[in-house]
Structure formats: structure tokens, C-alpha cells
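Undergrad: Take this sequence and fold it.
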Amino acid sequence: GTVPFATDHPTAPLGAYGRSKLAGEHGVQSAGGAYLILRTSWVVSSHGANFVKTMRRLGADRETLNVVADQIGGPTPAADIADALLTAARAMIDGQKGGIHHFSGAPDCSWADFARAIMAGAGLACQITDIPSSAYPTPAKRPQNSRLDCSAFMREFGIARPDWRSGLAAILKELETA
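TA: Numbering: from 1, shown residues only. Take a look at the predicted model:
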């Protein structure tokens, strides 16, 4: 599908990782008390293993890279998630209701388009070739549509989807000086 998932959309985890996340959500909900479950997607930062660091490393060594172009989502810098969680936590302390919310970077894009932005931002000449998911099998099945409807989070907490391009620039700058 091409429609962003709403928070009340039926869940259908594709693998063990997704099932464990859903079990965690159910555990938090059944524990009682106020809670905030923030579903996000395509998390990136200058730390740990993630798509930005992998593409930057591979792009420095290769002239071309094949990258999946039929999976769409919102790249989300970890720093933006941290800021959103702090803002939401402060609002909840002041009485704002929590619940399940979605938060991801904007605009939505494909992995291939995100890779192109990484190459451009890092000043790398590596060319990105679009491929279908079927040409890049992975042990874990990945959804083609990872778009999240973040409108309820905006409405409840006043937190808009951050432009991932700004976050990407900050991540690349951190990696450059590391």
C-alpha cells in the first residue's frame, strides 16, 4: 500500500523482531498507568550500525551501489526521536494523555533515494542504482510500506515530523569529525 499506517491500523508483524516489539507494546499497555509508545521507522544516527554509516562506508569504496527502491518510509534521526520524547514526556507530566503514537522523519522516500541523499551530503561520487526488494533478499522480511501517519502526535503534542535532511546533515558532520 501507499497510505501511511495510522496508530489504530491492525498490526501484522512480519518476523520475530516485529512480534517482540508488539509483545512489548502489549506489556506496557497492560502494566497500568500512563504510558507513551512511540512507533518510529528507519532510525539513523552517527552511532551504532545503521543505513547512513553503511552507505557512507560503501560509497567511499565503490563507484556504484544497488539499493532497494520499492520500500518506502521516513528516515528518522535518533536525535529527533530523543527531542520528541522529551517534549512529550514534559507534556505528560503536565497532564497530557499518552498512548500509542507514530513519529518519523519527512518526507517519505525510498532506501535508494535516501542513499542518494547520503552520497550527496557526504560528497561521494558513488552512483545509486534502483533495484527491487526481490533482487536483495534478506533473512528478515521487510515491509514495502513503512510510512507512518504522525498526525495524532502532531495534534496531541504539537510535534511535527522533522525534515530528515537536516538530521542527515548533522549526522554526516558528526561522522566527518569523528
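
Undergrad: Not counting the helix or strand bottoming out on mean pLDDT in the chain itself, show me its contacts.
TA: Here the helix or strand of the chain ranked lowest by mean pLDDT, DSSP states H and E is helix 16-30, holding a mean of 93. With contact meaning Cβ atoms under 8 Å, 6 or more residues apart in numbering, helix 16-30 is reached by 11, 13, 35, 37, 100, 140. Every residue, glycine included, has its C-beta placed from N, CA and C.

Undergrad: in it, what's buried?
TA: Of all the residues in helix 16-30, not one is buried under the rule 16 or more other Cβ atoms under 10 Å.

Undergrad: i'd like the first residue to be 33 from this point on
TA: All set: I'll call the first residue 33, so the last point we hit is now helix 48-62.

Undergrad: to the chain's geometric centre, what's the distance from that helix?
TA: From the chain centre to the centre of helix 48-62 is a distance of 18 Å (Cα atoms, centre = their mean, to the nearest Å).

Undergrad: what helices or strands is the helix or strand following that helix leaning on?
TA: The helix or strand immediately downstream of helix 48-62 is strand 68-71, counting by DSSP states H and E. Here strand 68-71 touches helix 48-62, helix 110-125, strand 131-134, going by 3 or more Cβ pairs under 8 Å, 6 or more residues apart in numbering; DSSP states H and E.

Undergrad: okay, the ones you listed in TSV with distance to residue 85 next?
TA: Below are those laid out as TSV (distance: least, Cβ to Cβ, whole Å):
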stretch	distance to residue 85
helix 48-62	20
helix 110-125	12
strand 131-134	25
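
Undergrad: which one of these lies closest to residue 157?
TA: Nearest to residue 157, of all the helices and strands packed on strand 68-71, is helix 110-125, at 27.6 Å by Cβ to Cβ.

Undergrad: tell me the mean pLDDT for that closest one?
TA: If you average the pLDDT over helix 110-125, you get 97.

Undergrad: now swap in stretch 163-171 and tell me
TA: Stretch 163-171 comes out at a mean pLDDT of 89.
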